[in-house]
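**Student:** structural data only, the sequence is not supplied:
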Ligand SMILES: Nc1ncnc2c1ncn2[C@@H]1O[C@H](COP(=O)(O)OP(=O)(O)O)[C@@H](O)[C@H]1O
Ligand SMILES: O=C(O)C1=C[C@@H](OP(=O)(O)O)[C@@H](O)[C@H](O)C1
C-alpha cells in the first residue's frame, strides 16, 4: 500500500472478549462501527488491551484504510497487519490445529499473486512452523539466478524440473509452510510430493489478482510479460489464459480457501478488503474441517 493511498485514523472501539470470539468459532467478527462504515480492515493496530480479556476491552486502533476503488489495494511488502480480534482468533486457532497437524507440512497453492507468500508467513509464524518459498529455493539451486532469468536463459521446462526437485526435497521434511509457485499444480508428480502434507488453495478472483499484480508490477513474474495493451488489461488477459489451463488442477488441493466466501461471511463487497490474517484464519478453519472429518 502506498503511503498516499493510506488514510490513517485513530479511534477507540470495543472489541469482543476472547470468550466471545471462541464461542463464535472463528466466524470473523469485527467492531460494529467498522462493519457499518465499511472501513476496509487492513489494520495496523497499536493496542493497549486491558489484561483481563474476559470482558469487553477498550483499545485504540490505528486503521490504515484503503479508499474504495484505489488500485493500491496491495500490502506493503513485509507488513502483515491484523486487528487485535484477528490476531487473537488466529493464535487460538493455530494452537488448536497444531496438534492435529502432527508436523505435516502445509503447501499453499494458487495463482500468481494470490497471497501464498504473505499468508504462508503468517501461518508459519503462528503454527511455529518454518516458512519455505519454492521460487526462492529454485533460485538458490540455480546459483542465485532470478526466476525471470531462469525463464529467459534456460526456459520454462528447466524451471519446472527444478520446481519438482525442490518440492520432492521439501516433501521429506516436517513442520513447514511452503509457498509454491502458481504453476506447480500443473505437473501430477508435484501433487505426489505435496500430498505428503496438506495443500491449501487460495482461490482469489482473477480481477482482484490483476489489480494486485498491476499495482506491484509484473517484473518478477515472467509469465505475465508478453501481452499488449494497458497493464491491468494485459495482466488480466494473461491470468485468464493461465486459469483455463490450471483451474482444474487447483481443485486437487486438500482444502480451498475462497476469498469470495470470506467476503460474504464478513459482509464485504470487495475481496480486496480482506486482510491476509483473515485469510490465514479461514485456511486453518478449512484445515480443521478436513482433519476432523
Ligand atoms: N490479502 C491481501 N490484500 C492485499 N494485498 C495482498 C494480500 N495478500 C497479498 N497481497 C499483496 O499481493 C502481492 C502478491 O502477494 P504474494 O504473497 O507475493 O503472492 P504469491 O506468493 O501468491 O505470488 C504482494 O504485494 C502482497 O503484499
Ligand atoms: O504461475 C506460474 O507459473 C509462476 C508463478 C510464480 O510464482 P508466484 O505464484 O509466487 O508468483 C513463479 O513460480 C513463476 O514465475 C511461474
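**Tutor:** Perfect, thanks for sending it. As the structure is a computational prediction, the values presented were derived from the model and not from experiment. Ligands and ions are numbered 1, 2, ... in the order given.
**Student:** the stretch 51-200 of the chain: helices as residue ranges?
**Tutor:** Here the stretch 51-200 of the chain has its helices, by DSSP state H, counting those that start in this stretch, at 84-101, 116-127, 134-141, 147-154, 156-170, 188-194.
**Student:** I'd like those as TSV, with mean pLDDT appended.
**Tutor:** Shown next, in TSV, are these (pLDDT from 0 to 100):
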stretch	mean pLDDT
helix 84-101	94
helix 116-127	98
helix 134-141	98
helix 147-154	97
helix 156-170	98
helix 188-194	98
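**Student:** contacting residues around the residue nearest to residue 258 when sequence neighbours are not counted?
**Tutor:** Excluding the flanking residues, the one nearest residue 258 by CB to CB, 6 or more residues apart in numbering is residue 203, at 4.6 Å. The way it works is simple: take the backbone N, C-alpha and C, and place the C-beta from them, glycine included. Listed by CB atoms under 8 Å, 6 or more residues apart in numbering, the contact partners of residue 203 are 110, 114, 250, 256-260.
**Student:** same question, residue 152
**Tutor:** residue 222.
**Student:** what parts of the stretch 101-250 of the chain come near ligand 1?
**Tutor:** 110, 112-118, 179, 212, 216 (CB under 6 Å from any ligand atom).
**Student:** quick one: residue 134 and residue 180 touch, right?
**Tutor:** Yes. Assessed by CB atoms under 8 Å, residue 134 is found in contact with residue 180 at 4.9 Å.
**Student:** what is in contact with those two at once?
**Tutor:** Common neighbours of residue 134 and residue 180 (criterion: CB under 8 Å, 6+ apart): 163, 167.
**Student:** what about the two, which has more around it?
**Tutor:** Of the pair residue 134 and residue 180, residue 180 is the one with more neighbours under other CB atoms under 10 Å, namely 26 against 23.
**Student:** hang on, isn't residue 137 packed against residue 166?
**Tutor:** Yes. With contact defined as CB under 8 Å, residue 137 reaches residue 166; the gap is 4.6 Å.
**Student:** so which of the two has more stuff around it?
**Tutor:** Comparing residue 137 with residue 166 by other CB under 10 Å, the one with more neighbours is residue 166, at 26 against 18.
**Student:** measure that one to residue 229 for me?
**Tutor:** Per CB to CB, to the nearest Å, residue 166 is found 34 Å from residue 229.
**Student:** do residue 206 as well
**Tutor:** 15 Å.
**Student:** which one of these two has more residues nearby?
**Tutor:** Remark: of residue 206 and residue 229, residue 206 carries more neighbours, 19 against 10, as counted by other CB under 10 Å.
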